[in-house]
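Undergrad: need the 3D shape of this:
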Amino acid sequence: MNRPAASQRADFLIVGGGSAGCALARRLSEDPNARVVVLEAGRWDSWWDVFIHMPAALAFPIGSRFYDWRYRSAAEPKMKGRRISHARGKLIGGSSSINGMIFQRGNPLDYDRWARQPGMRQWSYAHCLPYFKRMEASSTGDDRFRGRDGPLVVERGAAEGPLFEAFFAAAQQAGFEQTDDVNGRKQEGFAAFDRNVWGGRRWSAARAYLHPVLDRPNLEVRCRALSTRILFDGRRAVGVEYETRGRRERILAGETILCGGAINSPQLLQLSGVGPAALLRQLGIDVVQDLPGVGENLQDHLEVYIQHACTQPVSMAPHFAWRRRPWIGLQWLLGRGPGLTNHFEAGGFVRSNDEVDHPNLMIHFLPIAIRYDGTRVTSGHGYQLHIGPMNSDVRGRIRIRSTDPHAAPRMAFNYLSTRRDRDEWVEAIGCAREILRQPAFRSLDGGELSPGPEISTRKEILDWVARDAETALHPSCSCRMGDDALAVVDPQSMRVHGTEGLRVVDASVMPLITNANIYAPVMMIAEKAADLIRGREALAPDPALPFRLRPARVETDAVSAA
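TA: Here you go, the predicted model:
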């Protein structure tokens with residue numbers, strides 16, 4: 001190996017400038033004696049780019065080659081052979097620069113389930129809550145559960161107008177409770193949602209964590225730098241080979257930290273000889289460490305839209321007309337108007353049956369009938385619920401297809417492949433319809449547009465879900481923490497088992513997906529990991545007690561490796 005110049009050395013090399021990478025860059029560079037370098041394959045989040053900074057413009061980046069890596073799953077057998085599109089942010093801030101800006105921690109019991117996995121005792125809700133509080137700046141909620149001084153600004157959506165009023169009333173009429181704060185003591189119920197918007201602009205991980213500290217002399221961020229291989233000396237990671245502007249370069253590091261997310265981190269590990277030995281040998285890759293769990297345990301959230309026509313002109317539909325967009329943009333620049341909304345301003349968490357201990361369905365309500373890509377089922381007014389199971393027992397895997405780092409890996413999520421998952425989907429559609437048929441919507445309801453009243457039996461519902469469902473864009477768990485045979489990452493240090501100088505910090509390390517959007521949990525993981533990596537004493541467990549439907553369980557939840 002040629003000896004790199006001084007500028008090609010780092011104490012901490014962060015591979016991936018997405019959500020976790022931005023948080024780690026800030027925390028690790030707090031030590032002025034530690035040189036921190038971030039390699040990001042995408043571009044900068046330019047200040048003038050309205051499509052990423054205007055909250056209401058969130059549909060534009062998804063599917064665009066300028067903002068989105070545009071991954072696709074393998075043909076999903078239970079989804080009519082469809083290849084499901086998976087948007088991933090192609091710029092600094094990663095997917096936090098193109099997501100729906102929804103801030104949800106998940107249910108407190110999610111983390112207690114984590115803590116029941118082998119080696120995960122220090123990841124209970126009591127251990128994670130202090131890091132949730134450290135990272136956020138929220139002006140609402142109970143001080144026992146919410147942070148006030150962190151870099152990540154969290155504001156409550158307005159959730160105002162006739163459609164939102166009808167939605168909250170209908171949820172109560174259907175027998176569901178309201179809650180003061182889905183990120184507080186009790187997640188279960190309906191409420192206005194928190195969002196990462198500040199001053200009318202998207203408050204991504206890059207804007208919250210990275211941009212305020214870019215002037216630190218010990219921090220360097222290199223964009224358009226695609227990491228192609230981890231460099232090893234035996235089993236010690238000593239740096240990374242990467243491509244930039246048509247050149248291949250190397251940078252050495254004392255610690256290499258992968259923050260590429262649930263797709264790219266297992267991909268880079270496998271490309272570098274860390275993963276299932278049989279797969280690596282089949283592709284002619286020298287095995288550095290046989291870790292069969294790399295790329296396994298892949299999890300995600302799937303969702304559908306239950307869409308209704310609206311009989312009154314009270315939806316957001318007129319604001320989506322092309323002729324109105326320049327005016328909306330001008331209003332947004334002046335700090336007002338519909339450009340300030342991220343659309344996902346309200347929703348709730350409910351249990352689909354009496355057997356579950358905490359909510360297993362997530363609902364978002366939108367005052368317009370529209371898909372993620374901006375297409376609409378009606379030219380008139382409408383509204384919709386997004387709904388899907390949150391704790392599916394479906395498991396998939398990620399595996400590289402070749403030694404080409406530019407080739408996307410094969411992603412098989414296996415949606416709808418278990419009986420429990422299919423049962424919960426039938427329950428979910430019934431739950432959504434029960435809310436939307438309540439008297440509160442009577443004066444507004446112009447009829448169900450999708451799936452349509454003709455879809456009613458279990459077979460018809462599952463057939464429609466297979467044809468129409470989309471990912472909620474929450475890939476996770478593909479390099480899970482733990483200390484069993486299929487675990488990849490040590491929960492006490494974030495090191496990759498069997499290696500030295502190599503760690504993973506991103507959504508891939510979750511052992512089980514959380515019961516909500518995963519952005520907030522990823523940021524919490526990064527905050528906690530920063531202390532582990534720096535060898536600092538962990539924040540003391542927080543004694544605040546969340547709501548429990550039933551007494552705490554003591555048995556161990558099995559982690560599927562299918």
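Undergrad: which stretches of this protein form helices?
TA: 19-28, 50-53, 108-115, 125-135, 162-173, 205, 261-271, 277-282, 325-333, 419-436, 458-468, 519-534 (DSSP state H).
Undergrad: distance of Pro318 from Asn342?
TA: With the distance defined as CB to CB, to the nearest Å, Pro318 ends up 18 Å from Asn342. C-beta coordinates here come from the backbone N, C-alpha and C atoms, glycine included.
Undergrad: repeat for Gly388
TA: 19 Å.
Undergrad: Phe164 contacts Leu366, correct?
TA: No - using CB atoms under 8 Å, Phe164 is not in contact with Leu366; the gap is 9.9 Å.
Undergrad: between the two, which one's more packed in?
TA: Leu366 (24 against 20; other CB atoms under 10 Å).
Undergrad: residue contacts, the more buried one?
TA: Neighbouring residues of Leu366 by CB atoms under 8 Å, 6 or more residues apart in numbering: 316, 343-344, 383-386.
Undergrad: counting neighbours, which of these comes out on top?
TA: Tyr383 (30 neighbours).
Undergrad: so that one bridges to which residues?
TA: Counting by DSSP bridges, Tyr383 is bridged to His308.
Undergrad: let me see the contact set for it.
TA: 163, 167, 307-308, 310, 315, 365-369, 444.
Undergrad: run the last query once more with 10 Å
TA: Residues in contact with Tyr383 (CB atoms under 10 Å, 6 or more residues apart in numbering) are 162-164, 166-167, 306-310, 314-317, 365-370, 436, 441, 444-446, 449.
Undergrad: same deal with Ala487?
TA: Taking CB under 10 Å, 6+ apart as the test, what Ala487 contacts is 117-120, 291, 293, 297, 479-481, 497, 509, 511, 559, 561.
Undergrad: hey, where'd the strands end up in the stretch 301-450 of the chain?
TA: In the stretch 301-450 of the chain, the strands defined using DSSP state E, counting those that start in this stretch lie at 302-310, 346-350, 361-366, 382-389, 397-399, 410-412, 445-450.
Undergrad: so for the fifth one, mean pLDDT?
TA: Computed over strand 397-399, the mean pLDDT rounds to 98.
Undergrad: so what strands line up beside that strand?
TA: Strand 397-399 has these strand partners (DSSP bridges): strand 410-412 (antiparallel).
Undergrad: work out the gap between the partner strand and the centre of the chain.
TA: Offset of strand 410-412 from its chain centre (CA atoms, centre = their mean, to the nearest Å): 18 Å.
Undergrad: could you do stretch 510-528 as well?
TA: Per CA atoms, centre = their mean, the displacement of stretch 510-528 from the mean C-alpha position of its chain is 7 Å.
Undergrad: buried ones in it?
TA: Across stretch 510-528, burial judged by 16 or more other CB atoms under 10 Å covers 510-528.
Undergrad: ok, stretch 415-434 next?
TA: 415-418, 421-422, 424-429, 431-433.
Undergrad: I'd like the distance between Arg207 and Arg26.
TA: Distance from Arg207 to Arg26, by CB to CB: 12 Å.
Undergrad: quickly list what's touching both of the two.
TA: By CB under 10 Å, 6+ apart, the residues touching both Arg207 and Arg26 are Pro151.
Undergrad: that older thread, shared neighbours of Phe164 and Leu366, which are they?
TA: Joint contacts of Phe164 and Leu366 (CB under 10 Å, 6+ apart) are 345-346, 383.
Undergrad: in JSON lines: these, plus pLDDT and distance to Asp354.
TA: Below are the shared contacts of Phe164 and Leu366 laid out as JSON lines (pLDDT from 0 to 100; distance: CB to CB, whole Å):
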{"residue": "Glu345", "pLDDT": "96", "distance to Asp354": "30"}
{"residue": "Ala346", "pLDDT": "97", "distance to Asp354": "25"}
{"residue": "Tyr383", "pLDDT": "95", "distance to Asp354": "29"}
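Undergrad: closest one of those residues to Pro546?
TA: Ala346 (21.5 Å; CB to CB).
Undergrad: just give the number of residues close to the closest one.
TA: Counted with other CB under 10 Å, Ala346 comes out at 23.
Undergrad: report the contact partners of it.
TA: 156-160, 163-164, 167-168, 171, 190-193, 363-367.
Undergrad: related to what we said a few turns ago, neighbour-wise, which of Pro318 and Asn342 wins?
TA: Asn342 (20 against 12).
Undergrad: correct me if wrong: that one contacts Ile102.
TA: Yes - Asn342 lies in contact with Ile102 (CB atoms under 10 Å); the separation is 7.3 Å.
Undergrad: any chance of the strands of the stretch 301-450 of the chain in TSV, plus distance to Glu537?
TA: As requested, these are exported to TSV (distance: least, CB to CB, whole Å):
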stretch	distance to Glu537
strand 302-310	40
strand 346-350	34
strand 361-366	35
strand 382-389	38
strand 397-399	35
strand 410-412	38
strand 445-450	52
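Undergrad: of all the ones you listed, which one is nearest Arg216?
TA: That would be strand 397-399 among the strands of the stretch 301-450 of the chain, by CB to CB, at 34.0 Å.
Undergrad: perfect, I'm done here.
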